[in-house]
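Novice: After the sequence you'll find the predicted model.
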Amino acid sequence: MKRCSRSWERLFAGVGLSLFALDGPAVAADMPVKAPHIQAVFDWTGLYIGAHAGYSRGSSSAVLSDPALATNSSIFSGTIGGVQAGYNVRLSSGLLLGVEADITFPNYLTSNSVVSLLATAQSGLTEQWDYVATARGRVGYAAGPWLAYATGGLAWAGERFLNSPANGTDEKVLNTRLGWAAGGGLEYAFAPHWSARLEYLYSRFEKADIKFPSGTRYTSTLDFQSLRLGLNRKIDWPGSGNFSPASLANPESDRWEIHGQTTFLPQGYPAFHAPYSGPNSLTPAPQLQQTWSNSLFLNARLWEGGEIYYNPELLQGFGLNDTVGVGGFPSGEAQKSNFPYPHYNTSRLFVRQTFGFGGEQEELASGPTQLAGKVDVSRLTLQAGKFAVVDIFDGNAYAKDARKDFMNWSIWAPGAFDYSADKVGLTYGATAELNQKQWALRGGYFLMQAVSNANSFDTRVFERGTYVLELETRYSLFSQPGKLRTIAWLNSAFSGSYRETLDNPAFDLDIAQTRRGRIKYGYVINLEQALSDEVGLFARWSWNDGKTEIMAFTDIDASLSLGLSLKGAKWGRPDDVIGIGGAINALSRDHRDFIAAGGLGILIGDGQLNYRRERILETYYAYALNKQLTLTADYQLVTNPAYNADRGPVHIFSGRLHGEF
């Protein structure tokens, strides 16, 4: 399976990087894509690349034989996302001929990819789809910015078949089905290089006939329907006569922006000392894993002060040891759901309303979650929808983004801040921010997970949830700007107690036996201070009461981090950055006693514990290849991983290739 995953990594990394290489300087990292006026006649001829998201519905009839028979007819559905590329030729008559290839992936929730479940007394069979790909022709009619088309061609479906015998080890078979696809769509060119589409596709695949080593046999049919919204970027090659960087660098409208990013992050370590290991331990054997993320950020102004933001992502890869084994986990790109193939996720979808109070104005810089423009310094901003708690709270100019700066969880974020988040770090909530020239006050409410480390949320609004309040003060020290943020937070959650679990031997260290409505609280102090135009300092101190189980982030009850960020102007590389930082993490008395007795935390649990504070050193060099691409080398030293002096130290080496526009 790892060999298969690596082949997909190479294929998709090439596709992702080509998005940036093909478009050259027209998509500089610091320049958003905005909407000029539509050309009189849109030129449909040429190469395009794009992405899509939508909804799928499929059906399957299956038979399991071991030799007992079980049959099932199932309907499966869920959200999807993927990428496409193609080439069009428009004739003078308006007739358009084209070819297109695409690949589509399911939502990251496991339930969205399950085709069928079957069981007998001897077997338990799960069929899951990993991707659907097509290679199709297109025939249509283009009139000005509009295109109507029909499409059809070949299709492939990649699946995995998992069998859990009653007696024996689990079995897995990977299979690819061939088939055909047909459909149609309507596409609209809303800017000289951009078009949006609505497309329907129906696919039917050949019958699968799977034989497992145990002798179990499984057959199934499969068809697949999808309704997809797509976004395409037309590629005009430099020197073609149509290539015009000015059309993007000098936009004529500020109604919308499009940003994107891709990050490929391999990470590994050599063997280290460990006399014993538990279910949540880093394996002491050498290990190498990788993650890969691809994101679009589609932002638009709806009305005066009103904005909407949509962030679809494709996520793939594994954290070290399936993202367990260290409180301060070494990769911020490694989430708690592991994907051998890319999975689609609507990572952010929210609305924002800003009310200006007049007076002095300031310019907001364009960014993935910020439309550029002038706003009143004195303003109230409301936001509601799906996003990450740390999108709004705990900002820091030097240690905040694992795709660009520090990677370790307890350095780019406050380790003891157990904010609401699903397994990929997102939640649903609402925030309010009152901004003034020298300070800002932010508050928010977010849905809490139904149970610890879950993707489902407790919908008892205000009875359960995360409450956050932050005061940011801005000042100048020796003529250099600085910010101090103070955060107070409280979780009302259905959670278990470490001490109650320990005190009752009948619970056998199962903390779920003590779950009920409980309160957890804590605070964060966050400092960023410019020391010069090229050097910045950051520091964080975070703490929580440590009495109840961690709900969403990581097994840290107190954390201190400190570091420096240095730009490369001194050595003629102004866009390069060197970072050096460290963190010391600790557990509460109740938490460490629970882990020492053999309990399992959200990320740690070696079976026993020789407790010491976890210490982490991280340093990186980010080398700017150009305005779009950055290559980073990163080293982390983890002493007492998972607070255990019997294990480690661990030397972790990482690379990171990040592209953005």
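Specialist: Good, I have the coordinates. Numbering: from 1, shown residues only.
Novice: ranges for the helices of the stretch 351-500 of the chain?
Specialist: 389-392, 409-412, 498-503 (DSSP state H, counting those that start in this stretch).
Novice: hey, what's the spatially closest residue to residue 367 that is not a sequence neighbour bridged with?
Specialist: Spatial nearest neighbour of residue 367, excluding adjacent residues (Cβ to Cβ, 6 or more residues apart in numbering): residue 259 at 7.2 Å. C-beta here means a position set from N, CA and C on the backbone, and glycine is covered the same way. Bridge pairing for residue 259 (DSSP bridges) gives the partners residue 297.
Novice: now residue 443
Specialist: residue 432, residue 469.
Novice: now residue 226
Specialist: residue 56, residue 201.
Novice: Which residues are in contact with it?
Specialist: 54, 55, 56, 57, 80, 104, 132, 200, 201, 203 (Cβ atoms under 8 Å, 6 or more residues apart in numbering).
Novice: rewinding a little: the residue nearest to residue 367 against residue 297, yeah?
Specialist: Yes - here residue 259 reaches residue 297: they are 4.1 Å apart, a contact under Cβ atoms under 8 Å.
Novice: so what sits against both of those two?
Specialist: Shared contacts of residue 259 and residue 297, counting by Cβ under 8 Å, 6+ apart, come down to residue 368.
Novice: who's the closest residue to residue 586 other than its chain neighbours bridged to?
Specialist: Residue nearest to residue 586 in three dimensions, not counting chain neighbours: residue 558, with 4.4 Å by Cβ to Cβ, 6+ apart. Listed by DSSP bridges, the beta-bridge partners for residue 558 are residue 543, residue 586.
Novice: element containing the residue of the chain most remote from its centre?
Specialist: The outermost residue of the chain relative to its centre, with distances by Cα atoms, centre = their mean, is residue 93 at 44.7 Å. Here residue 93 sits in a region with no helix or strand, counting by DSSP states H and E.
Novice: That one and residue 143, how far apart?
Specialist: 11 Å (Cβ to Cβ, to the nearest Å).
Novice: Show me what counts as buried in stretch 74-90.
Specialist: Applying a neighbour-count criterion of 16 or more other Cβ atoms under 10 Å, the buried positions in stretch 74-90 are 74, 76, 78-86, 88, 90.
Novice: Might you calculate how far that stretch sits from the centre of the chain?
Specialist: In terms of Cα atoms, centre = their mean, to the nearest Å, the gap separating the centre of stretch 74-90 from the centre of its chain is 20 Å.
Novice: now do stretch 116-127
Specialist: The answer for stretch 116-127 is 32 Å, by Cα atoms, centre = their mean.
Novice: Could you list the residues in contact with it?
Specialist: So stretch 116-127 is contacted by 60, 62, 64, 66, 68-72, 74, 76, 114-115, 159-167, 208, 214, 216, 218, 220 (Cβ under 8 Å, 6+ apart).
Novice: again, but for stretch 477-484
Specialist: Outside stretch 477-484, the residues touching it (Cβ under 8 Å, 6+ apart) are 395, 397, 472-476, 525-532.
Novice: what do you get for stretch 268-288?
Specialist: 266-267, 289, 320-321, 324-326, 598, 600-601, 603-608, 641-642, 646-654.
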